[in-house]
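**Q** Here is a sequence with its predicted model. Questions after.
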Amino acid sequence: MAHSVKLKAGDAFPNISATLPNDNTVLLSQPQEGMTWQAIFVYRGKHCPLCTKYLNELETYKQAFSDAGVGIIAVSADSKAQLQEHMEKLDISFPIAYGLTQAQMQLLGVYISVPRSEQETDHNFAEPGLFIVNEHGDLHVVDISNNPFVRPELGALTRGLAWIRDPDNHYPIRGTLNY
């Protein structure tokens, strides 16, 4: 059985690009203008109502992320057409990208699911993952799940990021001991 390789806390985040709805390519780890860190939210796709709810909730925390100096982007393995359909149910202003490949999902170490039917979706897709990349391009916070029911609570996450980013706290990257 093949083993999934997980990114480790403190690792350099891989150079992974995806495509924005306007056809521009974006480097997922590149902080947005004025931000020094980047939060990358990997979501399942338009077929997932919990993803739609989470992405819309994420919009309400955009300012809290910004206050902590953290840009946000969401990405899935959906096609452009699927993302365009999904945008009709989303009320977001942060960047969202499509076209994550299976090789990219494997590089990220997210769990990958096979669709239950053609009605669900037409491609293998990533289960939820969150990767927060610091100003050095390193993975500072990571959270991956094998199903859509387990994701970081956004209020706790933004409060935690503000605390981590406060220089008075001297908070290192956690979970770096490899054995």
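**A** Now that the structure is in, tell me what you want to look at.

**Q** so how many other residues sit close to Q63?
**A** 10 (other C-beta atoms under 10 Å). Backbone N, C-alpha and C define where each C-beta goes, glycine included.

**Q** Tell me the secondary structure of it, please.
**A** helix (DSSP: H, G, I helix; E, B strand; the rest coil).

**Q** quick one: the helices in this structure?
**A** 49-60, 62-67, 80-87, 102-108, 154-165 (DSSP state H).

**Q** out of those helices, which comes closest to E118?
**A** helix 80-87 (13.0 Å; C-beta to C-beta).

**Q** picking up where we left off before, mind checking the helices of the chain for the one nearest to I40?
**A** Closest to I40 of the helices of the chain, according to C-beta to C-beta: helix 102-108, at 8.6 Å.

**Q** I'd like to know which elements that closest one is packed against.
**A** strand 112-113 (3 or more C-beta pairs under 8 Å, 6 or more residues apart in numbering; DSSP states H and E).

**Q** How far off centre is the strand it packs on?
**A** 15 Å (C-alpha atoms, centre = their mean, to the nearest Å).

**Q** if we can go back for a sec, reformat the helices of the chain as TSV; add distance to T176.
**A** Output for the helices of the chain, formatted as TSV (distance: least, C-beta to C-beta, whole Å):
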stretch	distance to T176
helix 49-60	27
helix 62-67	24
helix 80-87	35
helix 102-108	18
helix 154-165	14
